[in-house]
Each structure stands twice: as C-alpha cells, then as structure tokens.
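K.L.:
Sequence first, predicted coordinates after that:
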2 protein chains.
Amino acid sequence: MAGRRSAQDALTTRDSILRTAADIATVDGLEGVTIGRLATDLGMSKSGVIGQFGSKEELQLATLERLLGTFRERVWDPVQHLEPGLPRLLAICESWADYEGHPEFEGGCGVAQVSFEFDGRPGRVHDALAAALKRWRRTLVADITTAVEAGDLPADTDPQQVAFSLDALASGMNTARLLHGDTDSGSWALAAMHAVLGIDRAPARS
Amino acid sequence: MAGRRSAQDALTTRDSILRTAADIATVDGLEGVTIGRLATDLGMSKSGVIGQFGSKEELQLATLERLLGTFRERVWDPVQHLEPGLPRLLAICESWADYEGHPEFEGGCGVAQVSFEFDGRPGRVHDALAAALKRWRRTLVADITTAVEAGDLPADTDPQQVAFSLDALASGMNTARLLHGDTDSGSWALAAMHAVLGIDRAPARS
DNA sequence: CCTACCGATCGGTAGG
DNA sequence: CCTACCGATCGGTAGG
C-alpha cells in the first residue's frame, strides 16, 4: 500500500486535502491551514501533504481556488443562464444571501473570510484574490448597468456604489451569524440589497 | 538602565507594546501579533513583552481592547452628545464612514479585521469581541427605534435589520479600499447607509 | 525588563 | 506517499 500511487490516486488525495483545507480556512483562515494539521487530520505524513503542492503558498493558492469554485457553484452557476440585467441581478442577490445563510463550510463563506485575512498583505494570495474579486465586481457592474439602461433601476444609480454595497452586505452575514447568532441575516441582507438597488420591499406576507 | 522599572515606566512600555500590536493586528490579524515579532519591532526581549501580559491570550485581549477603544474614540465619542434618534444616527453613519475611509492603522479598522478572524473560533477573544459588538448593536438599535417612534424613519423599519446592514456596509470599506483600491468607498458606504435607512439621497452637489 | 533556556510546531528537504 | 531529518520560530518559564 505504501510508495508512490497512480496519477488517479494522487488526484483523489489532492482533492481530499483541499476539501479539508477549505474547511479549516473558513474558520481559522488560510494561515491556519498548516501542513502538520492537515497531515494529522487526514492521517498522512507532512511530506505527503506538501508534496502535492510544493510549498505552503501553492497550497494556499489551491485552497483559495477551491473556495472561489464553491462560491461560483453556489452563487453564480445557478443564475448565470438568466436574462442579463435586473432579472439576473435579483437572482444573484437571492443565491448569494442563501449561500451565506446556508454555507457549505463550518465557518461560512471562505471568500469573505480570506478577503479580510489577505486584503492588507502583499503576495500572490492577495493578488489572486484581488483578481477574482475584481472579475466578480465587473459581473455585478455589468448587470447593474444593463438594468439601468433598460429602465429597471433608477437613472442616477451608481453601478460601482451598488456593487460595493451588495458585496459588503453579503460579507456581513458571516459575522452576524457567528458572532451575534443572527439566524435572520439572510433575509436582512436581501432586504438591504433591495434597498441599495432602490427597489421597493416585497409586500409583507403576514 | 537594565532591571525592573517603575510602575510608570511599565505603563509606557505596555502602551507602546499595545500600539505596535494594534498596528500589526489590523494587517496580519490578532494571531499575527507574535511575541517574538513585537520584541524585534520594539527592540525588547520576548520575556519583556510577555511579562506585561502573562500570556498570549491576555495580550490579544488587551490589543482587542485597544482596537475597540480607538473605534469608540473615532466613531462614538464625537457624536455621543447629539440628540438620540435620527440626528445621532446620521452622525454615526458619517463618523463611521469617515473612520473606515481614514483609518488610524495601516490595515484599516481593527474591529472589522478581528471580527472576521475570530467570529468562528471559540475562546475568550471571541467572547469579548461578541460582547462588545452586541453592545454596539444595541446602541444602533436604540437610536433606530427612537427615530421610528419619532416618525423620522418609516414605521415598518426593522431596527435589527437596519443595524445589521449599517454594520456590514461599514465593515466592507476595509476590503474595498485594500483589495480594489476603491478610494470612494466612504461615500459609497454612506449612500448605502442612507438607502437602508429609507432616506432619500442628498441632492447631487455638481 | 534581561539572559538563557524549554518543548512544540512551523515550512520544507533528502532519499527511498 | 513514507521515514527521518533540518533550522527557524512559536509561546512560555526560571532566575536574576
């Protein structure tokens, strides 16, 4: 059983490492993902863990990719096919709020977690994160702009300002849930998103 | 010069340690505040650093108190005397946005940073943080409720929802500035705060 | 507040 | 992917 494994096995190993790493990162951050801890949790040797990636930084980058992939699967993929503009934008808000409210990982959305961890640090993790978030913001700005042009949002809407606000409100759900125990943060964030979009609240269902 | 110092000197030393610790924490988090790093930065011995606090956890708690104190000085103290309700609430939004836009520390607001770092972890730092943020949220909810009762905010306002939203928008400025290079995040956040309060935007000054 | 030290853990390598 | 290591750093203590 010992010794080198096939490329297929290596892929499975890599995947299980990254799944564990992602889980750890959402609670303790990407710096909390230590090689020794992964080895212990997975019943592997340290060299077996790091050998898959080469260095801690590569491991962090791969873990970040994993977190970004999960975000995309849960928030973007389900609504991507919808009509650009307000329809898709509203669907994004819903899937986003739903994701943060029912997170895949223990510590919530890893992207929000890592954003705060690496926003002020130099290095490749920071750069990869910034690039991914810039792409996401461009996506938001595009749909907001389309919605304004279609007359579905107020003409004086500032797309950058709205995109920033949606992002901030989504990120805040993490902390609200874990620090205040707020179970309603999903609907709170969604309501606030509608407010910054300049859309009337849905009628009360009581 | 060597040997024990007076109680006064010890206070000065403690203060300089905490100032450096607070600066580090806003960039690298409270876990990045290591005893060895503080000793090097301050030209002290490790035992000289930790001797002031007893343990890393006490050092983290003291650093958190420092960050909370700065937040209070910059956001709450300048507006505390104002009339409770909408007047003070709007002033809070402005000092809050101004603080996050012109932060005292390199990495921005330490409270937001530590919130994300410790929201999912157990321990005394988490508990102290949660207690302080709950107090802050109660302050916000009180002024929101007063404003609603005075008829200055819509009658169907949900104070908890609005308090959550203000918090999220303020926290988001950190990441926007450091990750996207947004220099307008202060005015963006303020505009979004007004939106979630259900207040019309100020007329454009162009 | 210093020197000198402790065991534990960090990221990482050699060699198989 | 393992064993066996490496130097560096971690939090912390003894003793002055």
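P.N.:
Great, that's in hand. As the structure is a prediction and not an experimental result, all values here were calculated from the model. Numbering: from 1, shown residues only, chains lettered A, B, ... in the order given.

K.L.:
residue ranges for the helices of chain A, please.
P.N.:
Along chain A, the segments classed as helices by DSSP state H run A:7-28, A:35-42, A:46-50, A:56-71, A:86-101, A:110-118, A:124-149, A:159-175, A:185-197.

K.L.:
looking at the ones you listed, which is closest to chain B?
P.N.:
helix A:159-175 (2.5 Å; CB to the nearest CB). The way it works is simple: take the backbone N, C-alpha and C, and place the C-beta from them, glycine included.

K.L.:
Same question for that closest one: list its buried residues.
P.N.:
A:159-175 (16 or more other CB atoms under 10 Å in any protein chain shown).

K.L.:
quick one on the thing from earlier: for my notes, please list the helices of chain A in a markdown table and give distance to DNA strand C for each entry.
P.N.:
Formatted as a markdown table, the helices of chain A follow (distance: least, CB to the nearest atom of the strand, whole Å):
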| stretch | distance to DNA strand C |
| --- | --- |
| helix A:7-28 | 10 |
| helix A:35-42 | 2 |
| helix A:46-50 | 4 |
| helix A:56-71 | 3 |
| helix A:86-101 | 28 |
| helix A:110-118 | 14 |
| helix A:124-149 | 12 |
| helix A:159-175 | 23 |
| helix A:185-197 | 32 |
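
K.L.:
which of those helices has the lowest average pLDDT?
P.N.:
Across those, helix A:7-28 has the smallest mean pLDDT, namely a mean of 90.

K.L.:
And that one, what does it pack against?
P.N.:
helix A:35-42, helix A:56-71, helix A:110-118 (3 or more CB pairs under 8 Å, 6 or more residues apart in numbering or on different chains; DSSP states H and E).

K.L.:
For chain A, which residue gets nearest to DNA strand D?
P.N.:
A:G48 (2.4 Å; CB to the nearest atom of the strand).

K.L.:
Kindly state which of the helices and strands packed on helix A:7-28 is positioned closest to A:V27.
P.N.:
Of all the helices and strands packed on helix A:7-28, helix A:110-118 sits nearest to A:V27, with 8.1 Å by CB to CB.

K.L.:
okay, the angle between that closest one and helix A:7-28?
P.N.:
70 degrees (axes from the mean of the first three to the mean of the last three CA atoms, to 10 degrees).

K.L.:
Nearest residue to the middle of chain A?
P.N.:
By CA atoms, centre = their mean, chain A has its centre lying nearest to A:V111, at 3.5 Å.

K.L.:
how close does the spatially closest residue to A:A130 that is not a sequence neighbour sit to A:K56?
P.N.:
Nearest residue to A:A130 in three dimensions, chain neighbours excluded: B:L179, at 5.0 Å (CB to CB, 6 or more residues apart in numbering or on different chains). As defined by CB to CB, to the nearest Å, B:L179 lies at a distance of 21 Å from A:K56.

K.L.:
who's more crowded, those two?
P.N.:
Taking neighbours as other CB atoms under 10 Å in any protein chain shown, B:L179 and A:K56 compare with B:L179 leading, 21 against 14.

K.L.:
where's the more buried one relative to B:A189, distance?
P.N.:
15 Å.

K.L.:
Over to A:L89?
P.N.:
For A:L89 relative to B:A189 (CB to CB), the value is 20 Å.

K.L.:
need the contact list for the residue nearest to A:I144 when sequence neighbours are not counted.
P.N.:
Of all residues not flanking A:I144 in the chain, A:P159 sits nearest, at 4.2 Å (CB to CB, 6+ apart). Remark: with contacts taken as CB atoms under 8 Å, 6 or more residues apart in numbering or on different chains, A:P159 is in contact with A:140-141, A:144-145, A:148.

K.L.:
quick one: contacts for the closest residue to A:E65 other than its chain neighbours?
P.N.:
Distances taken as CB to CB, 6+ apart place A:A128 nearest to A:E65, at 7.9 Å, with adjacent residues excluded. Shown in contact with A:A128 (CB under 8 Å, 6+ apart): A:61, A:64-65.

K.L.:
Any chance you could give me stretch A:22-33 in PDB, C-alpha atoms only?
P.N.:
The C-alpha trace of stretch A:22-33 is given here as PDB (Å, rounded to 0.1, in the frame of the first residue of the first chain):
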ATOM      1  CA  ALA A  22     -11.100  24.700   2.700                       C
ATOM      2  CA  ASP A  23     -13.000  23.700   5.800                       C
ATOM      3  CA  ILE A  24     -10.100  24.800   8.000                       C
ATOM      4  CA  ALA A  25      -9.700  28.100   6.100                       C
ATOM      5  CA  THR A  26     -13.300  29.200   6.700                       C
ATOM      6  CA  VAL A  27     -12.700  29.000  10.500                       C
ATOM      7  CA  ASP A  28      -9.000  29.700  11.100                       C
ATOM      8  CA  GLY A  29      -8.100  31.400   7.800                       C
ATOM      9  CA  LEU A  30      -5.700  30.400   5.200                       C
ATOM     10  CA  GLU A  31      -2.800  30.800   7.600                       C
ATOM     11  CA  GLY A  32      -4.500  28.300   9.900                       C
ATOM     12  CA  VAL A  33      -4.100  25.700   7.200                       C
END
